[in-house]
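1. everything below, folded, please.
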Amino acid sequence: MEERLQKILSAHGICSRRAAETWLAAGRVTVNGRPAVVGDKADPDKDDIRVDGKPLKGPDRRTYLLLNKPRGYVTTLSDEKGRRTVADLVKDCGARVWPVGRLDLDSEGLLILTDDGELTQRLLHPSHEVEKEYLVWVKGDIPAALPVLRGPMELDGVPLSPARVERAGEGILSVTIHEGRNRQVRRMCAQAGLQVTRLRRVREGALTLGELKPGRWRRLSPSEVALLEQVPGQAAEDFCRN
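-> The predicted structure is shown next:
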């Protein structure tokens, strides 16, 4: 079946869709011997697709990792400022994987990494409403903040979907959202008059962090991958990752 070349390259774990557009514009991709351009389609089962003259070939097996990201690492594959990245933590996994979503420098916890482009898009596109649960250590008037956090909120003038917020201990909140705005939970808490001192993601969809130690990773089991793949498969064409 014909698909856009950006999507094909991404699905084969070669690069992101954004990078694929750059490669196409630079003439690095050919289809049946002819240079391809952004917007071209091809059938990977029938057409000869090449990048820099090499036939397109995806990994024999996809890789799915669950990392407990520590604080002090950026969620990217490389960093122009020379900071430590999550790629450093999984460099021995045997595959080129990328993070699914982000945790900021000072946040920690569950982070999925994979070389499966289609699954990445399913998990990140907001229309699929994949729940993400965070434990948030805060300072401030929690009783006064709870109605604000549970009520209508907006960021940058855009309304947020309602969050599920519960107490999880002394000075600790459990916050569940299914959007991925930049520093969303921290900014929500700031609007409610709370100062966040620690933030850890403990669940994404049906996956939980469990007892995995900070800085360590493990491979997802086939049953865990199957749970992730139950997310609806329609993806946005304008989606991109690092």
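2. look at residue 188 and say how many residues are nearby.
-> Residue 188 has 24 neighbours, counted by other Cβ atoms under 10 Å. For glycine as for every other residue, the C-beta is placed from the backbone atoms N, C-alpha and C.
3. contacts for the lengthiest strand in the chain?
-> Secondary structure assigned by DSSP state E gives strand 195-204 as the longest strand of the chain. If you take Cβ atoms under 8 Å, 6 or more residues apart in numbering as the criterion, strand 195-204 is touched by 101, 103, 106-112, 123, 130-140, 176, 185-186, 189-190, 208-209.
4. ok, of these, which come out buried?
-> Neighbour counting by 16 or more other Cβ atoms under 10 Å classes 101, 103, 107-112, 123, 130, 132-138, 176, 185-186, 189, 209 among the contacts of strand 195-204 as buried.
5. filter those down to the ones in helices?
-> Within the buried ones among the contacts of strand 195-204, residues falling in helices by DSSP state H are 123, 185, 186, 189.
6. helices along this structure, start to end?
-> Secondary structure of the chain (DSSP H): helices located at 5-11, 17-25, 86-89, 117-124, 142-150, 184-191, 222-229.
7. of all these, which one is nearest residue 46?
-> Between residue 46 and those, the shortest separation by Cβ to Cβ is 11.9 Å, and it involves helix 5-11.
8. quick one: list the elements packing against the closest one.
-> Here helix 5-11 touches helix 17-25, strand 29-31, strand 41-42, strand 49-51, helix 117-124, going by 3 or more Cβ pairs under 8 Å, 6 or more residues apart in numbering; DSSP states H and E.
9. quick one: that helix to chain centroid distance?
-> 17 Å (Cα atoms, centre = their mean, to the nearest Å).
10. stretch 163-172 too?
-> With Cα atoms, centre = their mean as the basis, stretch 163-172 stands 24 Å off its chain's centre.
11. and for stretch 170-190?
-> Using Cα atoms, centre = their mean, the offset of stretch 170-190 from its chain centre is 16 Å.
12. how about stretch 94-107?
-> Centre-to-centre, stretch 94-107 and its host chain are 7 Å apart (Cα atoms, centre = their mean).
13. for that stretch, buried residues please.
-> The neighbour-count check on stretch 94-107 (16+ other Cβ under 10 Å) flags 97, 98, 99, 100, 101, 102, 103, 107 as buried.
14. cool, and stretch 84-95?
-> Result for stretch 84-95 [16+ other Cβ under 10 Å]: buried residues 85, 86, 87, 89, 90, 93.
15. mind listing residues that contact it?
-> For stretch 84-95, contacts defined as Cβ under 8 Å, 6+ apart pick out 13, 59, 63, 65, 67, 69, 72-79, 97, 99, 111, 113, 115, 215, 217, 219.
16. what mean pLDDT would you report for stretch 217-235?
-> The average of the pLDDT scores along stretch 217-235 is 78.
17. how is the protein divided into domains?
-> 3-55, 64-125+207-229, 131-204 (automatic domain parsing).
18. which of the ones you listed has the lowest mean pLDDT?
-> Sorting those by mean pLDDT places domain 3-55 lowest, at a mean of 88.
19. so how far does it reach from one end to the other?
-> End-to-end distance for domain 3-55, by Cα to Cα, to the nearest Å: 17 Å.
20. try stretch 82-100
-> Terminal residues of stretch 82-100 lie 21 Å apart, using Cα to Cα.
21. kindly report the same for stretch 151-171.
-> OK, stretch 151-171 end separation, Cα to Cα: 20 Å.
22. what residues does that stretch touch?
-> 129, 135, 137-139, 142, 146, 149-150, 173-179, 181, 184, 187-188, 191.
23. just the buried members of the residues you listed?
-> 135, 137-138, 142, 146, 149, 173-178, 184, 187-188.
24. show me the two of the residues you listed that sit farthest apart.
-> Pairwise over those, using Cβ to Cβ, the maximum falls at 142 and 178, 22.9 Å.
25. I appreciate the help and will end here.
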